[in-house]
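S.K.: After the sequence you'll find the predicted model.
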Amino acid sequence: MSSGQQALVFLVQSLFQLYLVIVLLRFLLQLARADFFNPVSQAIVKATAPLLNPLRRIIPGIGGVDIASLVLAVLLYLVMILLVAYLIIGQFINPLSVLLGSLVGVLNLIISIYFFAIIISAISSWIPPLHGHPITRLVWQLVEPLLGPFRKLLPDLGGIDLSPILALMALKVVQILIQPLLVL
């Protein structure tokens, strides 16, 4: 593969994955019932609305879960795989053959989002000026549903919260287990 192809593959993957993270953040923030009026939430809604709103007319939510966001994420991941494959081998491949890879890729991105969000929430909890920042509040709202069950498993250690460590370990184990199924 030439350096021009490598650069193009890098750009395609980077741009798709950036937008995928935004779409998945919208899904995860809705799932966590995070503050919709937070400025960051509003930016995410505006960024995803052009592709998501038409899809929402076709695919309704189920029990408060925005299925359209997940479908959009899987479709975007699928298109990314198809484009990258075309750039590398020069021909399109069967979309059905990479559908499972798209599903696993979206799951891997969700795990990565939670992984970094937990690290950000832990670090920001040590820095008092960040406590009122909109991004910090949103990150805490995002990770709280994930950390809650781990907090119940651990004994009270007098102000020391080890739940982020357990959650990070669990996320990493799941990521290792799904790694063989990843396409990109």
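M.R.: Good, I have the coordinates.
S.K.: Of all the residues in the helix or strand of the chain with the lowest mean pLDDT, which ones are buried?
M.R.: Lowest on mean pLDDT, DSSP states H and E among the helices and strands of the chain sits helix 134-153, with a mean of 92. Residues of helix 134-153 classed as buried by neighbour count (16 or more other CB atoms under 10 Å): T136, R137, L138, V139, W140, Q141, L142, V143, L146, L147, F150. All C-beta spots, glycine's among them, are computed from the backbone N, C-alpha and C.
S.K.: Show me the helices in this protein, by range?
M.R.: With DSSP state H as the criterion, the chain has helices at 3-31, 39-58, 67-89, 99-125, 134-153, 163-178.
S.K.: any idea of the pLDDT on the spatially most distant residue from the centre of the chain?
M.R.: The C-alpha centroid of the chain is most remote from G158, which lies 32.3 Å away (CA atoms, centre = their mean). The model reports G158 with a pLDDT of 77.
S.K.: do the one 4 residues further on as well
M.R.: The predicted structure scores L162 at 87 on the pLDDT scale.
S.K.: What of L184?
M.R.: The pLDDT attached to L184 in the predicted structure is 63.
S.K.: backbone phi and psi for the closest residue to L154 other than its chain neighbours, please?
M.R.: If the residues on either side of it in the chain are set aside, L154 comes closest to L162, at 5.6 Å by CB to CB, 6 or more residues apart in numbering. Dihedral angles of L162 (phi, psi; degrees, to the nearest 10) stand at phi -100, psi 0.
S.K.: Tell me, how many residues neighbour L162?
M.R.: Neighbours of L162 under the rule other CB atoms under 10 Å: 13.
S.K.: try I160
M.R.: 7.
S.K.: quick one on the thing from earlier: can I get the buried residues of helix 134-153 in TSV including distance to N94?
M.R.: Shown next, in TSV, are the buried residues of helix 134-153 (distance: CB to CB, whole Å):
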residue	distance to N94
T136	44
R137	44
L138	39
V139	39
W140	43
Q141	40
L142	36
V143	38
L146	35
L147	40
F150	41
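S.K.: And the residues you listed, which is closest to L29?
M.R.: L29 has its nearest neighbour among the buried residues of helix 134-153 in L142, at 6.2 Å by CB to CB.
S.K.: ok, that closest one - contacts?
M.R.: Counting by CB atoms under 8 Å, 6 or more residues apart in numbering, L142 makes contact with L25, L28, L29, A32, A34, Y114, A117.
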